[in-house]
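> got a sequence here, can you model it:
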Amino acid sequence: MTEPAVMTLAKALNEGLRRAMDDDPKVLVMGEDVGRLGGVFRVTDGLQKDFGEERVIDTPLAESGIVGTAIGLALRGYRPVVEIQFDGFVFPAADQIITQLAKMRLRSLGAVKLPVVIRIPCGGGIGAVEHHSESPEAYFTHTSGLRVVACSHPADAYTMIQQAVTCDDPVIFFEPKRRYWDKAPVDKSAAPGDWTPFDRAQVVNPGDDVTVLAYGPMVKTCLEAASAALEEDRSLEVIDLRSLNPLDIGTVVDSVRRTGRCVVVHEAPVFTGYGAELAARISEKCFYHLEAPVLRVGGFSTPYPPSRLEDHYLPDLDRVLDAVDRAMEW
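Okay, here's the model as predicted:
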């Protein structure tokens, strides 16, 4: 048995894309600077050299044109993987994603496949300028017809990007940019049949007192909070949601019914954020099991601040633990 290789999340994505391209000649990678440069975060580094300019395509700086072209390629039998350079740049392509990509499969009653993956580096924590640190997941989870997933660590990045590529539905694939350089073992020898389905949540830290729900960049923060909570003899069950739409509500409900308390954590502003849907679902399905209201921890209702203030804006260990304390006080 091959020993798992330790690699960064960015490298895991690169290896996953490479394997997907090896397995299927119809898989294409396209986006701004993805070829010769290898992407601003080097996720596609070396792919153009190995697969050529016809399969790793440097595009003009026009997100609407990139996604529109990808839709056309998918209709012709290709499996394009689009990189949106930064999360705040996806909005010029909103028309193509929401009014075209999300609707064609249902409009054709499934006869037309739209296997387009749109990779979006998301969230803050890298000291970037305006429009480079957004958390736009709620826009896309609200759009029926799109699968929306978020990886949080290298092992999931490697498998989930391949599962997204082979999916016949359009997939919005969120990558936590401040976790690109986090390292962890990745088992490249595991067969796809042994991978966790990419529409399933994972319990990444078992616990008994409070269920903590997170995805993408906040999973690591919540795991750190769980370790700190042990000092006060509090046991936090941390669940990495992984798939935001469809949502694996069964795993969430099983946990909350057992712990009786739930804290939802995400970087996006709390007001009408994805956590609001989670809180509503949990309240509907776990009402008689809850010992406290479902609490939410997230960004503030303000545009993303200048980089010097982002540590105050982003949820951290202390804010997660404060919500845990409030949940336990009920």
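
> can you pull the contacts of residue 200?
Under the criterion of Cβ atoms under 8 Å, 6 or more residues apart in numbering, the contact partners of residue 200 comprise 242, 243, 248, 251. Where you see a C-beta, it was placed from the backbone N, CA and C, and this is true even at glycine.

> could you rerun that using 7 Å?
The neighbourhood of residue 200, defined by Cβ atoms under 7 Å, 6 or more residues apart in numbering, consists of 242, 243, 248.

> and the nearest residue to the first one once chain neighbours are set aside, how far from residue 44?
Sequence neighbours aside, residue 201 is the residue nearest to residue 242 in space, at 5.6 Å (criterion: Cβ to Cβ, 6 or more residues apart in numbering). Using Cβ to Cβ, to the nearest Å, we find residue 201 at a distance of 28 Å from residue 44.

> the two: who's more crowded?
residue 44 (27 against 20; other Cβ atoms under 10 Å).

> which SSE is that one in?
For residue 44, there is no host helix or strand (DSSP states H and E).

> got the residue ranges for the helices in the stretch 201-330 of the chain?
218-229, 249-259, 274-286, 310-313, 317-329 (DSSP state H, counting those that start in this stretch).

> who wins for proximity to residue 132 among those helices?
helix 310-313 (10.8 Å; Cβ to Cβ).

> and the closest one, which residues are buried?
For helix 310-313, the buried set under the neighbour-count rule, 16 or more other Cβ atoms under 10 Å, comprises 310, 313.

> please renumber so the chain begins at 416
Yes, from this point I'll number from 416; that puts the last item at helix 725-728.

> quick check: residue 564 touching residue 658?
Yes - with contacts defined as Cβ atoms under 7 Å, residue 564 counts as touching residue 658 at a distance of 5.0 Å.

> report how many residues lie close to residue 491.
Burial measure for residue 491: 8 neighbouring residues, criterion other Cβ under 10 Å.

> any idea how far residue 521 is from it?
Counting by Cβ to Cβ, the gap between residue 491 and residue 521 amounts to 20 Å.

> kindly report the same for residue 712.
Between residue 712 and residue 521 the distance, using Cβ to Cβ, works out to 35 Å.

> and the two? Which one has more around it.
Here residue 712 and residue 521 are compared on neighbour count by other Cβ under 10 Å; more neighbours surround residue 712, at 25 against 12.

> in the sheet, who's paired with the more buried one?
residue 680 (DSSP bridges).

> wait, isn't it in contact with residue 680?
Yes - look at residue 712 against residue 680 with Cβ under 7 Å: they come within range, at 4.6 Å.

> what sits up against stretch 633-641?
Under the contact criterion Cβ under 7 Å, 6+ apart, stretch 633-641 has outside partners 567, 594, 619-620, 622, 627, 629, 651, 653, 655, 680-682, 730-732, 735-736.

> ok, stretch 620-628 next?
Everything outside stretch 620-628 that qualifies as a contact, by Cβ under 7 Å, 6+ apart, is 637-638, 641, 649-654, 656, 667, 670-671, 674, 676-680, 693, 739, 742-743.

> what about the nearest residue to residue 731 once chain neighbours are set aside, neighbour count?
The shortest distance from residue 731 to any non-neighbouring residue, by Cβ to Cβ, 6+ apart, is to residue 636 (6.5 Å). By the other Cβ under 10 Å criterion, the neighbourhood of residue 636 contains 22 residues.

> roughly how far does residue 636 sit from residue 630?
Counting by Cβ to Cβ, the gap from residue 636 to residue 630 is 11 Å.

> and what of residue 508?
Counting by Cβ to Cβ, the gap between residue 508 and residue 630 amounts to 22 Å.

> now residue 496: which helix or strand?
Applying DSSP H and E as the criterion places residue 496 in strand 494-498.

> just after that strand, pick out the following helix or strand.
The next secondary structure element downstream of strand 494-498 (using DSSP H and E) turns out to be helix 509-510.

> contacts for that next one, please.
Counting contacts by Cβ under 7 Å, 6+ apart, the residues outside helix 509-510 that touch it are residue 479.

> same question, stretch 438-451
Contacts to stretch 438-451, defined as Cβ under 7 Å, 6+ apart, come from residues 432, 435-436, 454-455, 459, 462-463, 468, 470-474, 476, 481, 485, 488, 492-500, 580.

> run the last query once more with 6 Å
Judged by Cβ atoms under 6 Å, 6 or more residues apart in numbering, the contacts made with stretch 438-451 from elsewhere in the structure are 435-436, 459, 462-463, 470-474, 476, 493-498, 500, 580.

> stretch 553-561 now?
The contact list for stretch 553-561 (Cβ under 6 Å, 6+ apart) reads 513, 517, 518, 521, 563, 585, 587, 659, 660, 688, 689.

> hmm, 8 Å instead?
With Cβ under 8 Å, 6+ apart as the criterion, stretch 553-561 contacts 509, 512-513, 516-518, 520-521, 563, 584-587, 659-660, 683, 687-689, 692.

> tell me which of those residues fall in strands.
563, 586, 587, 659, 660, 683 (DSSP state E).

> and stretch 448-468, how far out from the chain's middle?
The gap between the average C-alpha position of stretch 448-468 and the chain average comes to 22 Å, counting by Cα atoms, centre = their mean, to the nearest Å.

> good, we can wrap up now.
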